[in-house]
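Asks: Sequence unavailable; structure follows:
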């Protein structure tokens, strides 16, 4: 059992800066001649040791945001604008080859549906050892030794290192993936829907594991999921995205208890509550906009019951409040101190 | 870390070096050698060096290179000196005396005497006696060679001295002069039993593998079964030597490849090419095409069996037994059309059973037919074969006449013939059911009860190939041969009588008249309708060897005829007196095989050098590219 | 790899071979025409007595089942394949032994070259999909794949042997040639080998390249390739270590299945180039109705295909751990 590790930060360019700072990230795709603005002005920061959850429905750009950090994008995608500063160093400006250096060693990813995320013809031990050999330069013996340690760390008996992926259960494969993600001792681990393919019991185990690792190793975590309960359990802060933009971001407790953005409210309302009375799920009418030609102004406006005229023309500014919550909505203009300028409807949905 | 450039480059250079060292000697060797090899190509399979197992044309060609016959065939197939250099017959024609050439040696130096001829002919006599005495029909090998002596009525043979051979025959005839039996070296063969020489069942066959010992102009020294045989000049040959030091007979699976090889100069002679290839080669200045008249024919053979009905077999109608019926059908055959379509125009329309190849014996029919459907119909009506309401002819039993026409799968061109026959005879109201039969099965079907079979056919299309003497062709329609060679079961006592007469007749004019009558009999009664006489299409190069002489002069081919005479006429056109000669390789008859190389492709090496240069450029380019790529890769490394 | 895996595969192969032997037996007894007629091929004046004696000697009068069948199986398993009808005095094993190594040389080398070239080309095309090499390689592969062997072979002959005369037209060695050194022998063999080898390899390369290419493209979309990229591994390493081993799996299957067709192609290529191997032997034996040789060839080639598939199965087991269980 490894002791708590102190993160060395020799490469910190600007002291006091957050571990990761993403500013105005825009990632566009070229599709059949049109440009899809999948991530259109996303900013956030991640502190050392923090767990950030990125939530939103499918297609809102959360995965693309995460992949943009290490530029793991398909050939038709490009980072149009923005900066991604790791230890103050802007990764966007790096050449592809230089950027490769940061992959896995600083930022690693745990993918979802790990059945095929692991190479079926190699043993689990070899696959964990591979980045250790290739990226850290250790010899094979030492790398396999370390792989065994990592397996133990995630709760898999060391001797299973000789197993092939198809010989492990779904839960064990996910653990192996986590072990693999930790191989180069990264600063940040991104989990892209890490528990989606698993049943609830295993899900709980994985989340517990992530929590433990974060505590013991001082990891920083970005968790991408559409499942709010996962975020509620594991993360410190949550960022809700909609149609390529940030809707709301802040401490989990705050955002979930007192959601400010109408979309966040709807999202939380749509989530079934096991303790509440049985009722029909609330759905959000309409569908997300076509990102090739998004609406001017607030992208949620077409579906928002509070939409004002200004919402349809002006992009809502991001306003940060004292409780640490950041919202991009015209209901909360600058200086409104966390109080919406109009009264949101009560729980029954009746307007004031 | 690593040095990929250097290792990769090293590997490429080594590979290139290997390629060059392998290729350059070929370029060097592609220059002409001074070891003259005649290469001939055929599509027949070379499987036998024991003459008694010979069946195919190429088998005969091989043994006439190795050995002499007692009398070889001359330029026009007349008897010429072979193992014997002179001969005479007694007045009664029953005793033949042959003078064996003095001082003649086998290719291994052993003296060749009458003892060898005695030994060889005695083999045949012993085999024939054994065959007559045994139950299961004993034959020497394939059984093709004994007939040449038995048909000549051989009775006994003796050798009073080393230069004399005396042969006694049962009846007077001249067939002994055409005996296609090679004289074998007793000192090599006598250690084998008759069974072994004859490849009898149950014994180990004597294969006569190379190096062969013979008195012919060339002996086989190397043999790849199924692929090629190489012959080398006989150092002790008694006759005029041909220009070639060696002869290679090569089997080709596809005639296209053989013709390509001829065009590129890799072989000098090809036999058995297709009509379209023949026409295409006519324009080539260095190639001569030859259209030889075939000694044989293709025919419609009727099942004329008239010795009673056959249970479970036999012909489908009695009409086939009626010569008038057959004659009428023959009026509805257009032989010229078949020559044009099936043979591509190379051949002659068929008439009598003695092909025009036999210039001395062939005579055109006295009552020739022509292609005349109306006449055919008229004759059918006159012969008593009426039509029914639907227009089908009925036989004398009132049955609709439908004839089964078949041919062996080995003679695929008859399919075309059958189509025409069906068409023509449909206009006569005679139905035709045409189909191919597998050769082995067809051979079974053709057997009459006398041969243990059911003669289960109506008409078959096949062919015969003859000998320098027409006797073997005339033989197939003999009543005597029903149960063995006869596939038509023609049974005419007068014909049989004439056969024996002509066989024993020494006066040419008399014999001609006898054979003429036989031809007319069989033409008029038509147990066979001769369709055509195929042509033998050969081609050869004229820029390396000269002196190509056809055998027979009129309508024959230079090689694959009758004997080795064509090879002895060949001259070397490429012989330019060379300033330096390789030691040991002379052009004289004492040359033993063993020259440094035998490459006979006349290609020049400039294109090859250019090709190598191009290869070098490509490799160099590849190296440059690799270097550049490794450089960029290096920048990616940490 | 489990011993039981190997044992199972060996067992299956053995059963298949036994089945082949049985089919072999039945097939050639269904042939039309009596074998004794073929043995006596063309011999004149054959008496019924002679035929009867022949049938006795060759065991053709015994009941087919079980006597002939048992005799056939025992003799086959002890390596006695009978005597050739045509090549008097030679056993079938002799005849086969004479002709087998030219075929092994030509087709063994041809397959190896085709596999090496095809896999390399296909892998590169798939990896750099849409690039110029891919486009060119794909077109060339399709053209080669669709061209029948004999057309390819004859085309080569016409260009390189007849027109430009760089290379010999036919055969494996120059007939009648005496070699001064093993080097000369190799040079002559090499010159004769070039065109038929090119025909065989190019005929196969197209297929292998196409399958390898689509296989690689499929693997590219697999998640583990994504993971490998996320790990920051070099493109070369990802191709070699992750994509290739997985892409090889369907290709290995194809190569094994293909072997049966390669053998059929053997006949065509050998006939065109007059290569003295099993292909030309088959044609000759067919034309001459040499049934024992045909039986022997059939058995040999079937067993070869079974063995090749066995090897492919075992290789697959080495490559893909998922099938070992």
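Replies: Now that the structure is in, tell me what you want to look at. Note that the structure is predicted; figures quoted are calculated from it, not measured.
Asks: For chain C, what lies in contact range of chain A?
Replies: Within chain C, the positions adjacent to chain A are C:222-224, C:226-234, C:237, C:241-242, C:245-246, C:319-322, C:325 by Cβ under 8 Å from any Cβ of the partner chain. For glycine as for every other residue, the C-beta is placed from the backbone atoms N, C-alpha and C.
Asks: what number of residues lie near residue B:36?
Replies: Neighbour count of residue B:36, defined by other Cβ atoms under 10 Å in any protein chain shown: 25.
Asks: Residue A:203 versus that one, what's the distance?
Replies: Distance, residue B:36 to residue A:203, using Cβ to Cβ, to the nearest Å: 90 Å.
Asks: where does the stretch 201-325 of chain C have low pLDDT?
Replies: C:325 (pLDDT under 70).
Asks: how does it look with 80?
Replies: For the stretch 201-325 of chain C, the stretches flagged by pLDDT under 80 are C:259-266, C:287-289, C:324-325.
Asks: And the residues of chain C next to chain A, which of them are buried?
Replies: Neighbour-count burial (16 or more other Cβ atoms under 10 Å in any protein chain shown) applied to the residues of chain C next to chain A gives C:222-224, C:226-234, C:241-242, C:245-246, C:319-321.
Asks: At the geometric centre of chain A, which residue do we find?
Replies: residue A:224 (3.3 Å; Cα atoms, centre = their mean).
Asks: who's in contact with that residue?
Replies: Contacts for residue A:224 (Cβ atoms under 8 Å, 6 or more residues apart in numbering or on different chains) come out as A:53, A:54, A:62, A:63, A:66, A:190, A:191, A:192, A:193.
Asks: repeat for residue A:312
Replies: A:295, A:296, A:297, A:298, A:301.
Asks: So which of those wins on neighbours?
Replies: residue A:298 (27 neighbours).
Asks: what pLDDT does it get?
Replies: On pLDDT, residue A:298 comes in at 90.
Asks: just residue C:58 next, same as before
Replies: So, for residue C:58, pLDDT stands at 68.
Asks: and what of residue A:180?
Replies: Reported pLDDT for residue A:180: 92.
Asks: Where is the longest helix in chain C?
Replies: Using DSSP state H, we find that the single longest helix of chain C is helix C:182-220.
Asks: Toward the C-terminus, what is the element adjacent to it?
Replies: helix C:223-230 (DSSP states H and E).
Asks: ok, and what's touching that next one?
Replies: Helix C:223-230 is touched from outside by A:70, A:72, A:103-104, A:108-109, A:111, A:113-114, A:116-120, A:180, C:219, C:237-238, C:241-243, with contacts defined as Cβ under 8 Å, 6+ apart.
Asks: Skip ahead from that helix and say which helix or strand is next.
Replies: Remark: after helix C:223-230, the chain's next helix or strand is helix C:235-237, criterion DSSP H and E.
Asks: low-scoring stretches of the stretch 351-500 of chain B, by residue?
Replies: Ranges of the stretch 351-500 of chain B meeting pLDDT under 80: B:440, B:451-452, B:483-484.
Asks: Could you look up the SS state of the residue of it at minimum distance from chain C?
Replies: Residue nearest to chain C within the stretch 351-500 of chain B: residue B:440 (2.5 Å; Cβ to the nearest Cβ). Look at residue B:440: counting by DSSP: H, G, I helix; E, B strand; the rest coil, its state is helix.
Asks: neighbours around it, how many?
Replies: Per other Cβ under 10 Å, the neighbour tally for residue B:440 reads 24.
Asks: cool, residue B:279 as well?
Replies: 15.
Asks: re the thing from before, would you mind listing which of the contacts of helix C:223-230 are buried?
Replies: Among the contacts of helix C:223-230, the ones that count as buried by 16+ other Cβ under 10 Å are A:70, A:72, A:103-104, A:108-109, A:111, A:113-114, A:116-120, A:180, C:219, C:238, C:241-243.
Asks: Narrow these to those in helices?
Replies: Mapping the buried ones among the contacts of helix C:223-230 onto helices (DSSP H) picks out A:180, C:219.
Asks: So which of the buried ones among the contacts of helix C:223-230 sit within strands?
Replies: Among those, the ones falling in strands (DSSP state E) are A:108, A:109.
Asks: near chain C, which residues of the stretch 51-200 of chain A?
Replies: So the stretch 51-200 of chain A meets chain C at A:70, A:72, A:100-105, A:108-109, A:111, A:113-114, A:116-122, A:130-131, A:134-135, A:164, A:166-167, A:180 (Cβ under 8 Å from any Cβ).
Asks: Output the below-cut-off pLDDT ranges for chain A.
Replies: A:1-17, A:112-116, A:196-197, A:270-285, A:334-352.
Asks: Which parts of it are strands?
Replies: Counting by DSSP E, the strands of chain A are A:20-31, A:34-46, A:51-55, A:77-86, A:89-90, A:107-110, A:188-192, A:220-224, A:237-242, A:245-251, A:318-320, A:326-328.
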